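> Return atomic coordinates for the entry below.
(2 chains)
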Amino acid sequence: MENSVVLLILAGVLLLFIILGYNRLVRRRNNAEKAFATIDAMAKKRYDLIPNLVATVQKYMEHERETLTEITELRAKAMSGNLSDNEKVDLNNKISRAMGGIMVAVENYPDLKANQNFLQLQGSLNEVEEQLSAARRAYNAAVTDYNNAVQMFPSNVFAMMFGFKTKLLFEISEKERQNVDVKSLFSI
Amino acid sequence: MKTLKEFKDFYNKSMHENLSLLEKRRKRILRFVLWSFLVAAIGILFTMASASLFFPKDDYYSLKVFVGVIISIIVAIVFFYVKGRDKTFYSDFKEQVIKAIVTFISPDLSYNPKNYIGLDSFQRSRIFLTNVDRYRGDDMVEGVVDKTKIWFSEINAEYKRVTTDSKGKTKTTWHRIFKGLFFIADFNKHFTTSTIVLPNRLGRSSFARFFQKMNISRREKHISLEDLEFNKYFVAYGEDQVEARYVLSTSLMKRITDFKKSHKNPVFISFVNSFLYVAIGYNKNLFEPSYFKKLNRFKIVQEYFEDIQLAVGIVEDLNLNNRIWTKQ
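Numbers count the residues shown, from 1 in each chain, chains lettered A, B, ... in the order given. I've put the predicted structure just below:
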């Protein structure tokens, strides 16, 4: 009789242990997914600025027509939906590169640089870029937390049992490590 | 930013003369303090001597001696008050020394020796959450450094603890929450949630991380940041994981770490409603004249200059004039 009570308690404790361990993993995975969704939200904020940027800039920029068309197309593709996470990341990287190109090219157009509209837009862009970078860093922190749980004992046992897999981190580019400062590109 | 050399030139040109006059007054005050002590000492000795010579040792003996001592002290104080008091020494010191240094650092700054950062701002910063029972301050400086509005003053915030001993007697003791320089600046980015950066007193062991993450006293959650050197000195809490990182950009973390490394005093920072709050702890009273040190020496004034410069320099150290976002 007594033995069976002890066994029952042991079984209960074990079950509780498994439930808690499982929940911890789920919570961390959800945090990571939420962080990814935030990146998405910030990226959308950037998509919203693109038509504005193109409209402001194209009056001045004659030689960058191609880049402007490319960026518009990339935006359309990104807005179309039905994209996998990897495709989204890839598209956003391309948009970042194209935008960087435009911002460097602005250097050749002093009129544009003095345009009040453009300056305002530039402020918004800097802001969105910085927010995007913050969201990526938040994602990386959440994923590191999750990956630690997946790989470290004892939670790695549950991770194996329930099939939790580690997630990939964002590569933070050297440029992003610095403060995003588009203005510094102009002041040579 | 003014250099120490520029300040030295300024000191030699326009401060030294005033300080020499102040130094004369300080010496005079000190002389009268010593005289007053002497008056009191003579009075007390006289009381004692005459008591033992002339008074019988009756029941009132100690009372008589006590009254004699009190009278001697009162006479000494009245003597000092009538002859030695310098009513305007303190305010002249503030005006001719501290104000002169503030205006030298930047003419866009104004100084008010009696004013200080209000309790509401102190609490809004969310750095110190303990209930404040006594709040004092002075030496308010405010103004604009290039594009950034700043305010700072000396603050002393305390809480009260009332204890009752076994005999039922209550005793009130005062404990320090914060004493030092409290600085506010208009931050260069918009944000709506609060982010707090506190000194890391526990280190970086997993044990320390456990307690930092637990964080029972705040509504802000622990933010684990990727800058290892920053984490060595600080621990960050924020209401929003993304906004905290938006505010604490990688370059700002670096700047905060550098700022901390160049000053030994504890540094507390918070970002609330687009404002930056910095609290720097000091054990000494800031911007006060010392009656026991020679005033007209550069070393003494240099200390005032460096303390003010430290606060004004936050704008540059944390790059607050870099207005490349939508907030102008």
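
> Can you tell me the closest non-neighbouring residue to B:Leu318?
In space, and not counting its chain neighbours, B:Leu318 is closest to B:Arg255: 5.3 Å by C-beta to C-beta, 6 or more residues apart in numbering or on different chains. C-betas here are computed from N, CA, C, even on glycine.

> Kindly confirm whether my reading is correct that that neighbour touches B:Asp317.
Yes - with contact defined as C-beta atoms under 8 Å, B:Arg255 reaches B:Asp317; the gap is 6.1 Å.

> before we move on, the earlier item: same question for the helix or strand hosting the residue nearest to B:Leu318: list its buried residues.
Counting by DSSP states H and E, the element that carries B:Arg255 is helix B:250-261. By neighbour count on 16 or more other C-beta atoms under 10 Å in any protein chain shown, the buried set for helix B:250-261 is B:250-257, B:259-260.

> next SSE after it?
Counting by DSSP H and E, what follows helix B:250-261 is strand B:267-272.

> Count the residues that sit near residue 37.
Went with chain A since none was named. Using other C-beta atoms under 10 Å in any protein chain shown, the number of residues around A:Ala37 comes to 12.

> Please refer instead to chain B.
Neighbours around B:Phe37, by other C-beta under 10 Å: 12.

> Now do the SS call for it.
With DSSP: H, G, I helix; E, B strand; the rest coil as the basis, B:Phe37 sits in helix.

> pLDDT at B:Phe55, what is it?
For B:Phe55, the pLDDT comes out at 68.

> meant to ask about A:Asp181, not that
At A:Asp181, pLDDT is 46.

> Equivalent analysis for B:Tyr237, please.
On the pLDDT scale, B:Tyr237 gets 94.

> ok, and does whichever strand or helix holds it reach over to chain A?
Assessed by DSSP H and E, B:Tyr237 sits inside strand B:234-238. No - Strand B:234-238 does not reach chain A (C-beta under 8 Å from any C-beta of the partner chain); its nearest approach is 10.0 Å.

> I'd like the next helix or strand past that strand.
Toward the C-terminus, strand B:234-238 is succeeded by helix B:241-247 as the next helix or strand (DSSP H and E).

> That next one and chain A, any residue contact?
Yes - Helix B:241-247 comes into contact with chain A (C-beta under 8 Å from any C-beta), by way of B:241-246.

> hmm, who's touching the helix holding B:Arg255?
A:137, A:176-179, B:197, B:225-227, B:229-230, B:233-234, B:248, B:267, B:269, B:314, B:317-319 (C-beta atoms under 8 Å, 6 or more residues apart in numbering or on different chains).

> distance between it and the chain's centre?
The chain centre lies 23 Å from the centre of helix B:250-261; the measure is C-alpha atoms, centre = their mean, to the nearest Å.

> and if you look at stretch A:98-118?
Using C-alpha atoms, centre = their mean, the offset of stretch A:98-118 from its chain centre is 25 Å.

> Please report the separation between the first and final residues of that stretch.
Criterion C-alpha to C-alpha, to the nearest Å; first-to-last residue distance in stretch A:98-118 is 17 Å.

> Which positions in that stretch come out as buried?
Across stretch A:98-118, burial judged by 16+ other C-beta under 10 Å covers A:98-99, A:102-103, A:105-106, A:109, A:112, A:115, A:118.

> wait, does that stretch make contact with chain B?
No - contact of stretch A:98-118 with chain B (C-beta under 8 Å from any C-beta) is absent, the minimum separation being 11.8 Å.

> Now do the helices in the chain.
With no chain named, the answer covers chain A. Taking DSSP state H as the criterion, chain A carries its helices at A:2-58, A:65-79, A:85-105, A:110-114, A:116-151, A:155-162, A:174-177, A:183-186.

> wrong chain, I was asking about chain B
Using DSSP H, helices in chain B cover B:4-10, B:16-54, B:61-79, B:89-93, B:100-105, B:119-124, B:206-214, B:228-233, B:241-247, B:250-261, B:298-317.

> which stretch in the ones you listed has the least confidence?
helix B:206-214 (a mean of 78).

> what about that one and chain A, touching?
No - legend: contact between helix B:206-214 and chain A by C-beta under 8 Å from any C-beta is lacking; minimum distance shown is 10.0 Å.

> Can you list the neighbours in contact with that helix?
Against helix B:206-214 from outside (C-beta under 8 Å, 6+ apart): B:200, B:202, B:222, B:235.

> residues touching B:Asp227, list them.
Neighbours of B:Asp227 in contact, by C-beta under 8 Å, 6+ apart: B:250, B:253-254, B:257.

> Turn the residues you listed into CSV, including distance to B:Ser36.
Shown next, in CSV, are these (distance: C-beta to C-beta, whole Å):
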residue, distance to B:Ser36
B:Thr250, 61
B:Met253, 55
B:Lys254, 55
B:Thr257, 51
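
> So which of these is the closest to B:Ala40?
Comparing the contacts of B:Asp227 against B:Ala40 with C-beta to C-beta places B:Thr257 closest, at 54.0 Å.

> so how far is B:Tyr11 from that closest one?
32 Å (C-beta to C-beta, to the nearest Å).

> just B:Ala208 next, same as before
45 Å.

> of those two, who's got more company?
B:Tyr11 (20 against 14).

> what sits against the more buried one?
B:298, B:301.
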